[in-house]
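Undergrad: Quick one, structure for this:
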Amino acid sequence: MRRWFPFFNSAPLISVVRLQGVITSGGRGGLSDRGLAATLERAFSKGKPAAVALEINSPGGSPVQSSLIGARIRRLAEDKGIPVFAFVEDVAASGGYWLAASADEIYADPSSVVGSIGVISASFGAHDLIARYGVERRVYTAGTSKSQLDPFRPENEEDVARLKSLLNDIHGNFIDHVKARRGSKLSTEADLFNGEVWLGEKAKALGLIDGIDHVKPFMQQRFGKKVKFRRYGMRRPLLSRIGGQLMGDAVAQIEERAAFAQYGL
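TA: Numbering: from 1, shown residues only. Coordinates of the predicted model:
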């Protein structure tokens, strides 16, 4: 049909999905599986794309949401038979790298920060502070572990050991995901799973990414100069777009800024 109607547009279509921000369980401004579900469905289905490109700029966040988003990307890619390419901007660290590893190939800028394959849990201890002001903490539980790691009570060695065990298990899941996705591409001469980060060229040498490149030139080289792009991204809530929920948005921005700042960004 197309050869008889040359005015039909036959240029390959590339769906570009932007994954920007901290990965959360549903907070405003963050990336979550529920928030991205419709966006990813459209990106893989609308217009029969030749490929899906993920623009990733994330310092990480929730390991569960990272896993759910990554699994959704793989299901759609396999169901539709569409290749997925990840392009790292400033950073794809921790959960951000989990998302990148869900693609078939990963590319980055020479100055992109990549890696941080580890797990962290941060809290605080305030029992000395409240004691100083004569405040008594009263906690009643059914179950010996119900109040573990209460920041208003002295730290318990058993609670810490239990938490570290959980973190090690999550870390193991992260490592399994990266090994399953990157396979023999990964270097065996360095410890890639100690939480360290690397810039683009070093990440390439270690097998964490496939090359140094950017979305448009890469896609034009792979699919031809006439390739077309259709962009997708998460929509902010209506009240947020018109200036509502200012306090919540401000807090979310501070938290996101802090997450990026740990990588010097």
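
Undergrad: So what's the residue count around V178?
TA: 21 (other CB atoms under 10 Å). Quick note: C-beta positions are derived from backbone N, CA and C, even for glycine.

Undergrad: buried set for whichever strand or helix holds it?
TA: Element membership of V178 [criterion: DSSP states H and E] is helix 157-182. Under the neighbour-count criterion of 16 or more other CB atoms under 10 Å, helix 157-182 has 170-171, 174, 177-178, 181-182 buried.

Undergrad: Neighbouring strands of the next helix or strand after it in the sheet, and parallel or not?
TA: Tracing the chain C-terminally past helix 157-182 and defining elements by DSSP H and E, one meets strand 197-199 next. Note on strand 197-199: by DSSP bridges, its sheet partners are strand 113-115 (antiparallel).

Undergrad: Check the average confidence over the partner strand, would you?
TA: The average of the pLDDT scores along strand 113-115 is 96.

Undergrad: Just the residues contacting it, thanks.
TA: Identification of contacts with strand 113-115 by CB atoms under 8 Å, 6 or more residues apart in numbering yields 88, 90-93, 97, 100, 108, 192, 195-200, 203, 208-209, 263-265.

Undergrad: Low-confidence regions, the stretch 1-150 of the chain specifically.
TA: Low-confidence segments of the stretch 1-150 of the chain (pLDDT under 70): 1-9, 26-29, 122-131, 143-150.

Undergrad: Show me the residue sitting in the middle of the chain in space.
TA: By CA atoms, centre = their mean, the chain has its centre lying nearest to G96, at 2.8 Å.

Undergrad: Could you list every helix and strand in contact with the helix or strand containing that one?
TA: Using DSSP H and E, G96 falls within helix 95-101. Contacts defined by 3 or more CB pairs under 8 Å, 6 or more residues apart in numbering; DSSP states H and E place helix 95-101 against strand 51-58, helix 63-80, strand 84-93, strand 113-115, helix 157-182.

Undergrad: So which of these is nearest K226?
TA: Judged by CB to CB, the one of the helices and strands packed on helix 95-101 that comes nearest to K226 is strand 51-58, at 14.4 Å.

Undergrad: now the angle from the closest one to strand 84-93?
TA: Angle between the axes of strand 51-58 and strand 84-93 is 0 degrees (criterion: axes from the mean of the first three to the mean of the last three CA atoms, to 10 degrees).

Undergrad: Quickly run through the sheet partners of strand 51-58, with directions.
TA: strand 13-20 (parallel), strand 84-93 (parallel).

Undergrad: So what touches the longest one?
TA: This points to strand 84-93. Strand 84-93 has contacts (CB under 8 Å, 6+ apart) with 51-60, 73, 77, 96, 99-109, 112-116, 197, 200, 209, 213-215, 218-219, 260, 263, 265.

Undergrad: what do you get for the first one?
TA: By CB under 8 Å, 6+ apart, the surrounding residues in contact with strand 13-20 are 31, 36, 39-40, 42-44, 46-58, 69, 96, 99, 215, 219, 223, 227-234.

Undergrad: now those residues: which count as buried?
TA: The neighbour count (16+ other CB under 10 Å) marks 31, 36, 39-40, 43-44, 49-58, 69, 96, 99, 215, 219, 223, 227, 232, 234 as buried among the contacts of strand 13-20.

Undergrad: Ramachandran coordinates for Y133?
TA: Note on Y133: backbone dihedrals following degrees, to the nearest 10 are phi -100, psi 10.

Undergrad: cool, and L36?
TA: Residue torsions, per degrees, to the nearest 10, at L36 are phi -100, psi -10.

Undergrad: Isn't it up against I69?
TA: Yes. With contact defined as CB atoms under 8 Å, L36 reaches I69; the gap is 5.9 Å.

Undergrad: Take the strands paired with strand 51-58 and lay them out in JSON lines including distance to Y140 and mean neighbour count.
TA: Compiled in JSON lines, these are given as follows (distance: least, CB to CB, whole Å; neighbours: other CB atoms under 10 Å):
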{"stretch": "strand 13-20", "distance to Y140": "43", "mean neighbour count": "21"}
{"stretch": "strand 84-93", "distance to Y140": "41", "mean neighbour count": "25"}
